[in-house]
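Novice: can you look at this prediction? I've put the sequence above it.
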Amino acid sequence: MVTIWHRLDRFLARLRPHREPLSLLIDGAVVAVAWNVTYLFRLGFERWISARPDYDGWVLLGVVLAYAAAFSALKVPQGMWRFSGFGEVKRLALACLLAGLASAVLVLMMQLTKVPRAVLALHPVVALMGLALVRLGYRMVYEHARAQITGSDREIRRAIVLGAGEAARRLLAGIHQQGWIVLGLLDDDPAKQGARIAGLPVLGPLAAIADKAVRGAATHVIVAMPAATAAQRRRALELAAPSGLPVLTVPSAGELRDGQSAIERVRDIEPDDLLGREPVQLDEAGIGAVLAGKTVLVTGAGGSIGSELCRQLARFLPARLVLYELSEFNLYSIEQDLGQRFPQLPLVRVIGDVKDLAHLQHTCAQWRPQVVFHAAAFKHVPLMEEDHNALAALRNNTLGTWHAARAAAEAGAERFVLISTDKAVNPTNVMGATKRAAEMVVSMMAAEHPGTRFMAVRFGNVLGSSGSVIPKFKEQIARGGPVTVTHPDIIRYFMTIPEAARLVLQAAAIGESGQVLVLDMGEPVKIVDLARDLIRLSGRTVDEIPIVFSGLRPGEKLYEELLADTDNSLPTRIPRLRIARLDARDEGVRQLLAWATAASAAPAAVLRARLTETVPEYLEPVDGR
């Protein structure tokens, strides 16, 4: 409900851009009133007007100008009245003392003897009292309004809303209850400009957010365009970012459709909002036909991709979902989340390690999964590049894939889907080479076990996943910077976690044995541009939060590829989803698996040599290329 306090704050907010001249004007009026009050005190009601000299009006004008000059010199108009305190009173006292002294000296020098000396002496004191009382009164009114609006002593949040459609109407209906004041709306539709939505004016097109007069006293910008295309939302964010105000958004259309949030629950900008690309439209019916009523097992079920994959899987009503996870905390977290969202879905929680073949075989034999998604992996490139971690990467990523695929085939699984990465293409690091070897394991298993469809899905960096740049950048911005980027020219392909999970499900539905499915991810994104966007959308500037280039890390490339040059890429019936049929090279993979099974420790140089024998395209990077 919009109260009188909301209206009062909105009125004051419209005045705030003109704060300094208004402050000087009001202070001048207070000085004039104080002059008359001093006369009243000195001469009484009978004589306070009649006993004044004819030239008193000119004297008063000079006094007001003297005070205005003193106020300007001491920057009194720049003060914010709602924060007035003892420091402000001291500055006012000094200004009144200087202006009063200057006025008295000039009056005496000009021999204007009919002006009472007591008036000259008392006026600065009365003026100071009046000026302080005005500020105190304003602060009292402001704090009372703040308490009435927000229900607490926190600052009032004022927003300019981008978008004046149905979402904006619904937003305005509920946002005031959370202590927000909406000053106005912006929309590119010419028919809406100049109109009023829920009593608030549409101030102009979206680009008008760059106008300081339009923003006024706004503290935030809210993008209320959930039904717009990704490109339109991205443009709105790009227009809002240079405003210097924190940018929020209403929940996306998907969040509203799934009931995850209400329209008035504005949130921070998420990775999905920054992608600026329309999500791939998938074959929901085909996916449902593959998953509905089936037992599905997910390894790495508590990880960033694995947990979202489980949430997406649950929508297709499998008969049972087996959560296979090494981390106790991650397993508990995803089990609690799924239990709350999908209470009817039977869950099997298994603590297990994909490097333990016997345990995987036992688990698959017990629950007989018909579809297996293999998401368990070590993926942090610099960490896996360290010599003492390289063998762990090989055993977990390559040997673990073989274990999971073998256990699935022995249990009669219909489909096995490996989650791979763009770093597997022409790899320059151990992590990428082990994932490329894992793809080769899938091809090998497809030839050995025709009863199970073995496939892999490959995509780029996942925005918001653990270890990705978004959480890291947000944390650095919250600390006040600097934001660290490895190289000014480094680029990456990006997708969101939900998009990645849907792609995996689609691969399971349409993939044939031995295939790697690849998403056409559009144009790559420069990491430094992503960092600048996040800084600006937080309401800061790159001067406040500097960007520091730390240099490429071991094994890191300036750019990633999704399809190697030698891959045979074919289209599918799903737009922007393609197939790469890869050379299995079974014998090299078998030898690598046998060596990894037997090796409990090995020099890093020996391990890298083994990887190079199996994955000839694996080369150490030179200057990040």
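Specialist: Received the coordinates, thanks.
Novice: so the residue lying closest to Glu328 once chain neighbours are set aside versus Gln366, what's the distance?
Specialist: Spatial nearest neighbour of Glu328, chain neighbours left out: Ile351 (6.3 Å); criterion: CB to CB, 6 or more residues apart in numbering. Every residue, glycine included, has its C-beta placed from N, CA and C. Separation of Ile351 from Gln366 (CB to CB, to the nearest Å): 14 Å.
Novice: count residues in the vicinity of Gly339, would you?
Specialist: 11 (other CB atoms under 10 Å).
Novice: is it true that Thr428 touches Leu619?
Specialist: Yes - if you go by CB atoms under 8 Å, Thr428 and Leu619 touch, sitting 6.0 Å apart.
Novice: tell me where the stretch 351-500 of the chain has strands.
Specialist: 371-374, 415-421, 453-459, 461-463, 483-485, 491-492, 494-496 (DSSP state E, counting those that start in this stretch).
Novice: of Thr428 and Leu619, which one has the most company?
Specialist: Counted by other CB under 10 Å, Thr428 and Leu619 do not tie: Thr428 has more neighbours, with 23 against 12.
Novice: can you check the pLDDT for that one?
Specialist: Thr428 is assigned a pLDDT of 87 by the prediction.
Novice: and for the one 4 residues further on?
Specialist: Reading off the confidence values, Gly432 has pLDDT 91.
Novice: tell me the secondary structure for Val247?
Specialist: strand (DSSP: H, G, I helix; E, B strand; the rest coil).
Novice: next up, the contacts around it.
Specialist: 220-223, 237, 240-241, 269, 536-539 (CB atoms under 8 Å, 6 or more residues apart in numbering).
Novice: who is it paired with across the strands?
Specialist: Val221 (DSSP bridges).
Novice: isn't Phe342 up against Phe316?
Specialist: No - the pair Phe342 and Phe316 does not pass the contact test of CB under 8 Å, sitting 10.7 Å apart.
Novice: pick out the lowest-pLDDT one from the contacts of Val247.
Specialist: Ile269 (73).
Novice: what's the closest of the strands of the stretch 351-500 of the chain to Leu172?
Specialist: Nearest to Leu172, of all those, is strand 494-496, at 28.5 Å by CB to CB.
Novice: on that earlier part again, okay, now the residue nearest to Glu328: neighbour count?
Specialist: 12.
Novice: gap between it and Arg235?
Specialist: 47 Å.
Novice: quick one, helices of the stretch 151-300 of the chain?
Specialist: Using DSSP state H, counting those that start in this stretch, the helices assigned to the stretch 151-300 of the chain run over residues 166-175, 212-215, 230-240, 253-257, 271-275, 284-291.
Novice: tell me which of those sits most buried.
Specialist: Stretch with highest mean neighbour count among the helices of the stretch 151-300 of the chain: helix 271-275 (a mean of 21; mean count of other CB atoms under 10 Å).
Novice: tell me how far the closest residue to Arg553 other than its chain neighbours lies from Ser84.
Specialist: Excluding the flanking residues, the one nearest Arg553 by CB to CB, 6+ apart is Pro382, at 4.3 Å. Separation of Pro382 from Ser84 (CB to CB) stands at 52 Å.
Novice: on that earlier part again, what's the most distant pair in the contacts of Val247?
Specialist: Ile222 and Arg536, at 15.7 Å, using CB to CB across the contacts of Val247.
Novice: can you list the domains in the protein?
Specialist: 4-150, 157-269, 284-462+494-522+561-614 (automatic domain parsing).
Novice: between these, which gets nearest to Val548?
Specialist: Closest approach to Val548 among the domains of the chain (CB to CB): domain 284-462+494-522+561-614, 16.9 Å.
Novice: quick check: end-to-end length of that closest one?
Specialist: 37 Å (CA to CA, to the nearest Å).
Novice: pull up the gap between Ala70 and Ala231, please.
Specialist: 55 Å.
Novice: then Ile156?
Specialist: Taking CB to CB, one finds Ile156 at 34 Å from Ala231.
Novice: number of nearby residues for Leu122?
Specialist: Count around Leu122 with other CB under 10 Å applied: 18.
Novice: who are the contact partners of it?
Specialist: So Leu122 contacts 38, 41-42 (CB under 8 Å, 6+ apart).
Novice: below-threshold pLDDT in the stretch 101-250 of the chain: ranges please.
Specialist: Residue ranges of the stretch 101-250 of the chain with pLDDT under 70: 146, 148-155, 177.
Novice: what about the strands in it?
Specialist: Applying DSSP E, counting those that start in this stretch to the stretch 101-250 of the chain gives strands spanning 157-162, 180-186, 196-197, 200-204, 220-223, 247-249.
Novice: include distance to His123 when you put the ones you listed into TSV, please.
Specialist: Output for these, formatted as TSV (distance: least, CB to CB, whole Å):
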stretch	distance to His123
strand 157-162	38
strand 180-186	39
strand 196-197	47
strand 200-204	44
strand 220-223	44
strand 247-249	49
